[in-house]
Structure formats: C-alpha cells, structure tokens
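In: following is a predicted model, sequence given first.
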Amino acid sequence: MLETTSRKQGIAVEAPAKVNLTLRVLGSRKDGYHDLESVVAAVSLFDALEFEPAPDVRLACEGMAVPNGDENLVMKAARRLAEECGCRKGAHIRLKKSIPPGRGFGGGSSDAAAALVGLNALWDTGMGRKELACLGASIGSDVPLFLGSPVCVIRGRGEFVEPAAGACAWWLVLAWPDFGLSTADVYAAYDRLGAPRAARPPATEILRRLARPARDAAQFLLNDLEPAADVVRGGRTDVRAILRQAGAPAVGMTGSGSAYFALADTESDAKRLVQKTRAAGTQACVATIVAGAEEQKEVPQ
Ligand code: C5P
C-alpha cells in the first residue's frame, strides 16, 4: 500500500480510501479523544498525488473542493516531515481528489500518509514506515493506518495499528450523501448520548467472517458512532435505508459517517446495488479491498 512510482519529473503515489468494517468506542480520554477498537480496510477509491522538486512547498488541488493552504493535511505532513528531518527542500504537490471529504473515508488522512511517503522518497529523508506512522499520528488519528497493511485493527485513538491477515471474499459498494459530517461533532454527540447499552461482540470478530458470504458478516458490521451520526445528520438522506432498499445483504457506516458501505458476493451484485443506489439519488461506486504487498507480488505480469 502507498507505493511510490517514479515519474519523469518526480514521484507519484495513489492514496486509497478506507472503510471501518467495525468500530467500537471503548471510552473517552482526558485529552479529549476516544479510545477505539476498529477493523479497517483500505479500498480501491483513490486520490492521486504527484510530487516534483521545487524551491518551496506548494499544493494544487483539483477534482473536488478542498483547501490548498496550511489547513490541508498534505501541507501539514510536508511541514512536519521537513521539520523532523531538518530538510530545507521544497516540492510542488498536485492532488487529484476522488475521495469525497467529510464522509468517513479518511481521504485527507490518506493524502497526508501519501505525502509523507512521497516526500520521504523525493527528499531522500530515509525514514522507515514506522517512523512515518509516528509522525502521521501527530497530524491526524487516521494517518497511521494508511502506513500499515490494507486490512488492520486500530486501537488507542488510532495510533496503534496491527496488521490483519486473511483473504477477503467481498466486493464493496461505497455510497455517500451530498453532505459531510464533522468528526468532532459526531464524537460530541456520542458523549451526549452515552455508550451503547447492549452487549456487542469485539470489533475483531468480523475478521473470522472475511472469507464468508456477505450475509454472514451483516450482524458484525457495528459502528458505535452510528446513533451519534444519525443525530448530527438530522432529517437528511438516510444512506443505510437506501442501501437496504436496494437489496444490500450487509451494510455498515464508515468512520463518523456520513458514508456507508455494503458488502456483495460478486461484482455483478455490487454493480446492481450501485445502479439502484444511484437511481435513488445517492452517489455510489464499486470497490474492492486493496491488495496487500504479498497479494500484489502474486499478480502475474
Ligand atoms: O485526529 P483528528 O483530527 O482526525 O480528530 C478529529 C476530532 O475527532 C478530534 O478533535 C476529536 O474530537 C475526535 N476524535 C476522537 N477520538 C478519536 C479520533 C477523533 O474523539 N479516536
């Protein structure tokens, strides 16, 4: 994941979206964050980043409206890496956005992780993935997971990342409404609502179902933030209901919303679900879980 490709003028990196297959909030912390246990999968909806040598650090964004100044996590990543390594080099960074922001797909965090990897290579700063992940944790809670393997378990506020091996049988449908939700607002609503009372399986239980039919996974796609996201969403589009009406056998919310995903057993099932979801006025696409380093090596050339 997050491999660099050499270009005539510099380096390119593709930054995947993620879905939280499960997410449990274990408790709130004194620093204002929450301790989590979540099983996360990187999925094949990508932002594209290009890095060219330049005297200063500059970012140009296209495809979707996102800030291109210091508030963009890509710029934060560039500044933090330069600081950490005492590096005075610059880069012109081009970011082509395809991952809708504010939906729980982690696009901004993935872009930041890709910037750390791309600039580490461009500037020859020689940091390892673990060091980049530590640096990433200071930029955003979801940055470290993108520096690990495509399916992983995250703990703490996201800084502890454990790879999760195992073949995954599913196709995915990613679906998102025309509005985003603020992560901070959803966590604040979670605190007001209080923790769910019903006993729930550990977040990692889903890992036993990765190779099973989608239907078997349905009851494990639990996200403790969903009731809070529902409150923040108010009366706006209910994407879970739309996916269920479209016939999805297993639906989950990713991150703090507003996007959802559905599991499907075949590509044609996934395509049918996408068509029906779009017909209901909601944006959707087919995706797969990104292949890990081992699986990538097995792909015939
Ligand atoms: O780390 P990040 O900037 O992505 O977090 C955004 C907000 O989400 C935090 O300010 C916090 O309110 C909330 N958050 C949390 N617990 C986490 C991750 C995020 O409370 N584990």
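Out: In hand now; what should we look at? Residues are numbered from 1 along each chain as shown.

In: spell out which residues of this structure are next to the ligand.
Out: G32, Y33, H34, L36, G140, S141, D142, R157, G158, T183, A184, Y187 (CB under 6 Å from any ligand atom). (C-beta placed from N, C-alpha, C; glycine too.)

In: so how far is P67 from the last one?
Out: The reference is to Y187. If you measure Y187 against P67 using CB to CB, to the nearest Å, the figure is 22 Å.

In: more neighbours: which of those two?
Out: Looking at Y187 and P67 with other CB atoms under 10 Å, you find the greater number of neighbours at Y187, namely 19 against 14.

In: give me the nearest residue to the more buried one, chain neighbours excluded.
Out: Spatial nearest neighbour of Y187, chain neighbours left out: H34 (6.0 Å); criterion: CB to CB, 6 or more residues apart in numbering.

In: so where is the stretch 1-150 of the chain shaky, pLDDT-wise?
Out: Applying pLDDT under 70 to the predicted model, the stretch 1-150 of the chain contains no residue that meets it.

In: burial count for the one residue in it that gets nearest to the ligand?
Out: Minimum separation of the stretch 1-150 of the chain from the ligand (CB to the nearest ligand atom) falls at S141, amounting to 3.4 Å. For S141, the tally of surrounding residues (other CB under 10 Å) stands at 19.

In: repeat for G166
Out: Using other CB under 10 Å, G166 is surrounded by 12 other residues.

In: doesn't A211 make contact with it?
Out: Yes. Judged on CB atoms under 8 Å, G166 makes contact with A211 at a distance of 6.9 Å.

In: surely R155 and E37 touch.
Out: Yes. R155 is within contact range of E37, at 5.5 Å (criterion: CB under 8 Å).

In: between these two, which has more neighbouring residues?
Out: Relative neighbour count places E37 above the other of R155 and E37, with 18 against 15, counting by other CB under 10 Å.

In: check contacts around the more buried one.
Out: Applying CB atoms under 8 Å, 6 or more residues apart in numbering, we find E37 in contact with L23, R24, L26, V153, I154, R155, P202, A203, T204.
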